[in-house]
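> Can you look at this prediction? I've put the sequence above it.
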Amino acid sequence: SDATSPYAIKDDDAEFDRDRPRTSSIDANTVSALTDALDDMKKAFQNHKEETDRRWEERKESEDRRFQIQEKQIEITSNMAKSMTKTIEQQQHLLNLLIEQQQEQKQKSLSI
């Protein structure tokens with residue numbers, strides 16, 4: 001029945017292999033290949049990490065620049081608002097002086 005099974009061992013040493021205790025012996029080529037594969041994985045991971053760190057640093061610098069620009073825009077807008085407020089206050093003061101002058105002249109013209 002073993003001979004018809006698709007999983008049957010077909011070599012001549014089948015009986016010997018079946019009775020022999022299994023050991024985990026790996027040849028030097030396999031060890032070398034696994035070591036190389038691990039080294040490649042380490043390098044790939046390190047490269048990926050460095051690239052990720054570099055991108056993060058670039059994004060952080062970009063965000064910092066954006067915040068600096070926004071702060072400068074706020075500062076400029078604030079200065080403009082202060083300047084406009086001062087101009088309006090000066091105009092209001094001049095208008096008050098004109099109104100006073102007109103009232104004085106009106107009083108003078110009425111008193112004459």
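Yep, it's here.
> Can you give me the distance of residue 67 to residue 95?
Using Cβ to Cβ, to the nearest Å, we find residue 67 at a distance of 41 Å from residue 95. Heads up, the C-betas are built off the backbone N, CA and C, glycines and all.
> Over to residue 72?
34 Å.
> what does residue 34 give?
According to Cβ to Cβ, residue 34 and residue 95 sit 90 Å apart.
> Same question for residue 89.
Applying Cβ to Cβ to residue 89 and residue 95 gives a distance of 11 Å.
> Residue 50 too?
67 Å.
> Using the three-state scheme, assign the residue positioned nearest the centre of the chain.
Centroid-nearest residue in the chain, with Cα atoms, centre = their mean: residue 59, separated by 4.6 Å. For residue 59, the assignment made with DSSP: H, G, I helix; E, B strand; the rest coil gives helix.
> again with residue 26
coil.
> before we move on, what about the one 3 residues further on?
Three-state call for residue 29 (three-state DSSP): helix.
> That one: neighbour count?
Other residues lying near residue 29 total 8 when counted by other Cβ atoms under 10 Å.
> again, but for residue 70
Neighbours of residue 70 (other Cβ under 10 Å): 10.
> do residue 64 as well
For residue 64, using other Cβ under 10 Å, the count is 10.
> how close does it sit to residue 51?
20 Å.
> Next: residue 45.
11 Å.
> can you give me the helices in this structure?
14-19, 28-111 (DSSP state H).
> other SSEs contacting the last one?
Pointing back at helix 28-111 there. Packing contacts for helix 28-111, counted by 3 or more Cβ pairs under 8 Å, 6 or more residues apart in numbering; DSSP states H and E, involve no helix or strand.
> now it, how far from the centre of its chain.
Centre-to-centre, helix 28-111 and its host chain are 17 Å apart (Cα atoms, centre = their mean, to the nearest Å).
> which residues of this structure score low on pLDDT?
For the chain, the stretches flagged by pLDDT under 70 are 1-24, 112.
> how about 80 then?
Along the chain, segments meeting pLDDT under 80 span 1-26, 112.
> what's around residue 66, how many residues?
Residue 66 is flanked by 10 other residues according to other Cβ under 10 Å.
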